[in-house]
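> missing the sequence, but the structure's below:
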């Protein structure tokens with residue numbers, strides 16, 4: 001028995017995957033293709049993708065927003081959990097990696113549920129507000145340039161509906177959040193976000209030691 005989160009060694013982590021992960025062959029192929037890329041570390045953990053899909057189902061989410069899509073693994077997990085009238089809007093700037101995503105979305109049959117906007121996410125989120133979509137998103141997943149995390153929070157709070165969920169990835173940042181004198185602006189931004197969220201009365205909050213750290217916020 002333990003009254004704190006367990007540290008997972010390789011054996012225990014592999015057991016976790018063995019008894020709980022229901023990754024489809026298509027998702028496995030996408031993860032394998034992504035693993036061969038120079039930026040493979042941007043890929044979320046498969047158990048995190050499954051957890052996010054479950055969140056979509058648990059919350060009954062129909063309108064999703066993703067900030068940072070990469071090769072589309074997280075988007076595919078969430079899109080497959082949507083109802084037939086659901087919609088996922090993806091923000092990214094890289095046509096090369098999102099071309100991989102489009103191939104897998106097409107094979108999975110979820111392309112009609114996904115809109116991809118290739119532009120800086122801050123621009124896209126601002127455009128969504130101007131289009132009258134403030135307060136309409138059920139779930140927002142943020143996994144893009146870390147330096148803008150505090151700014152993404154403010155945009156997400158405008159776009160999420162009351163009771164909507166906002167997810168931030170990499171909030172433990174491979175332990176670099178513990179640095180007393182952070183070497184990078186990305187680390188400083190994540191530290192700033194984590195401290196701000198702790199005190200932010202606009203949200204309910206939980207930081208999970210899942211993947212590289214996943215913070216769940218519920219807009220009040």
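It's in. Keep in mind it's a predicted model, so treat the numbers as computed, not measured.

> can you tell me how far the residue nearest the centre of the chain sits from residue 184?
Residue closest to the average C-alpha location in the chain (C-alpha atoms, centre = their mean): residue 141, at 3.8 Å. As judged by C-beta to C-beta, to the nearest Å, residue 141 and residue 184 stand 23 Å apart. C-beta here means a position set from N, CA and C on the backbone, and glycine is covered the same way.

> again, but for residue 7
As for residue 7, its distance to residue 184 is 25 Å (criterion: C-beta to C-beta).

> In terms of neighbours, single out the busier of these two.
A direct count of neighbours by other C-beta atoms under 10 Å for residue 7 and residue 184 places residue 184 higher, at 13 against 9.

> so who does the residue lying closest to residue 148 once chain neighbours are set aside touch?
In space, not counting the residues next to it along the chain, residue 148 is nearest to residue 122; the distance is 6.5 Å by C-beta to C-beta, 6 or more residues apart in numbering. Applying C-beta atoms under 8 Å, 6 or more residues apart in numbering, we find residue 122 in contact with 148, 151, 152, 155.

> redo that, cut-off 10 Å
Counting by C-beta atoms under 10 Å, 6 or more residues apart in numbering, residue 122 touches 67, 91, 144, 145, 148, 151, 152, 155.

> Provide the contact partners of stretch 25-42 at residue level.
If you take C-beta under 10 Å, 6+ apart as the criterion, stretch 25-42 is touched by 21, 23-24, 43-46, 49-50, 68, 70-73, 76-77, 80, 94, 96-97, 100-101, 103-105, 107-108, 143-144, 169-170, 174, 212.

> ok, now with 8 Å
Contacts of stretch 25-42 (C-beta under 8 Å, 6+ apart): 23, 43, 46, 49, 70-73, 76-77, 97, 100, 104, 107-108.

> For these, which two are the farthest from each other?
In the contacts of stretch 25-42, two members sit farther apart than any others by C-beta to C-beta. They are 23 and 97, at 20.1 Å.

> Tell me which stretches of this structure form strands.
63-67, 87-92, 114-118, 137-142, 160-169, 203-208, 214-219 (DSSP state E).
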